[in-house]
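Trainee: turn this into a model:
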Amino acid sequence: MEWFEELGFGENPFSTDPAFSARSSVGLEKPLSELEYCVSSGSIVFVEGAEGSGKSVLLQKLAEKLGGRAVKVDAAAATVDVRSIVSKKTSLFGRLFGKSPSNLVLLVDNAASLSPDSLELLKYYYDNNNFSAVVLAGTSLKSSGFSVSVLDRIGNRVVKIAPLAEEEALRMVRNRLGGSELFSEDVVRKIYKMSGKNTKKFLQLCENAGKNAAAAKSSTIGEEHLVSLNK
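Mentor: The predicted structure is shown next:
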């Protein structure tokens with residue numbers, strides 16, 4: 001039996017999977033609104049945030065809003081074949097009459113891992129309106145290694161994700177646990193202080209505290225379950 005099942009949950013309430021996290025995210029309303037505006041205006045935009053700040057979750061939320069228009073890829077997980085992306089989105093009608101798709105929105109996580117060739121193709125398909133907008137995400141635009149022409153297209157369109165705030169951490173736990181009283185507010189605040197304001201680390205620490213409580217056969221998480229979290 002998994003630790004979360006021992007504590008009465010059907011799934012891990014502190015999963016960091018973007019699709020799961022998108023359902024209970026906090027603090028992303030403003031950057032999501034900014035991204036939607038940039039997409040609607042047909043821009044190339046960069047999402048900037050520290051590792052674990054919620055960039056992947058933000059892209060997931062945007063993809064869910066855009067529906068079939070969105071193509072979401074992770075450049076760190078696999079080689080991004082931009083030509084293949086456009087080809088796969090081309091309908092049978094388009095293939096017969098040589099008409100490529102338009103109005104797609106490309107969302108690239110860990111965009112600094114894109115190869116120079118992929119970036120050039122990305123620009124080509126954007127300039128030809130196959131991609132009506134492009135969202136690139138990474139820790140820093142300045143250190144992305146993008147070419148001058150890509151940087152010029154981005155300009156000042158940079159959406160920044162702020163570090164996790166303490167009240168947001170409390171809200172996130174409430175969202176994920178529902179009516180469960182697994183944590184006291186004081187315990188959540190202590191875990192938050194250990195996290196360095198990093199969303200992903202905060203969730204991982206919450207999960208580890210849950211594992212400690214389950215191992216101790218405790219139905220609630222107390223300070224005694226936090227002792228070894230940062231070791």
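Trainee: what number of residues lie near T220?
Mentor: Other residues near T220 number 13, with proximity taken as other Cβ atoms under 10 Å. C-beta here means a position set from N, CA and C on the backbone, and glycine is covered the same way.
Trainee: and the helix or strand containing V173, which residues are buried?
Mentor: Per DSSP states H and E: V173 is located in helix 166-177. Within helix 166-177, the residues that qualify as buried by neighbour count (16 or more other Cβ atoms under 10 Å) are E168, A169, L170, R171, M172, V173, R174, R176, L177.
Trainee: run the chain-centre distance for stretch 75-88.
Mentor: Stretch 75-88 sits 18 Å away from the centroid of its parent chain (Cα atoms, centre = their mean, to the nearest Å).
Trainee: same question for stretch 36-50.
Mentor: 14 Å.
Trainee: what about that stretch, how long is it end to end?
Mentor: Terminal residues of stretch 36-50 lie 21 Å apart, using Cα to Cα, to the nearest Å.
Trainee: nearest the geometric middle of the protein, what residue?
Mentor: The structure's the chain has its C-alpha centroid closest to S56; by Cα atoms, centre = their mean the separation is 1.4 Å.
Trainee: quick check: longest strand of this protein.
Mentor: strand 131-138 (DSSP state E).
Trainee: which secondary structure elements does the next helix-or-strand element following that one contact?
Mentor: Helices and strands here follow DSSP H and E; after strand 131-138, the next one along the chain is helix 148-154. Judged by 3 or more Cβ pairs under 8 Å, 6 or more residues apart in numbering; DSSP states H and E, the packing partners of helix 148-154 are strand 44-48, helix 116-127.
Trainee: distance to D74, mean pLDDT and mean neighbour count for the ones you listed - can I get that in TSV?
Mentor: Output for these, formatted as TSV (distance: least, Cβ to Cβ, whole Å; pLDDT from 0 to 100; neighbours: other Cβ atoms under 10 Å):
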stretch	distance to D74	mean pLDDT	mean neighbour count
strand 44-48	13	97	23
helix 116-127	13	92	17
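Trainee: quick one on the thing from earlier: check contacts around the residue nearest to the centre of the chain.
Mentor: With contacts defined as Cβ atoms under 8 Å, 6 or more residues apart in numbering, the neighbours of S56 are P18, D74, D109, A137.
Trainee: kindly report the same for A111.
Mentor: If you count contacts by Cβ under 8 Å, 6+ apart, then A111 has F46, A75, L136, A137, G138, S144 around it.
Trainee: widest-spaced pair of the residues you listed?
Mentor: Maximum pairwise distance among the contacts of A111 (Cβ to Cβ): 13.2 Å, between F46 and A75.
Trainee: sorry, back to before: can you tell me which of the contacts of S56 has the most neighbours?
Mentor: Going through those with other Cβ under 10 Å as the criterion, the one with the most neighbours is A137, at 24 neighbours.
Trainee: quickly list what it is bridged to.
Mentor: According to DSSP bridges, V47 are recorded as the beta-bridge partners of A137.
Trainee: hmm, it is touching V108, no?
Mentor: Yes: at 6.6 Å, A137 counts as touching V108 under the criterion of Cβ atoms under 8 Å.
Trainee: where do the helices sit along the chain?
Mentor: Along the chain, the stretches classed as helices by DSSP state H are 3-6, 18-21, 29-40, 55-66, 82-88, 92-97, 116-127, 148-154, 166-177, 185-195, 199-215.
Trainee: what residues does the third one touch?
Mentor: Spelled out, it's helix 29-40. Outside of helix 29-40, the residues within contact range by Cβ under 8 Å, 6+ apart are 45, 47, 58, 61-62, 65-66, 105, 132-133, 135, 157, 159-161.
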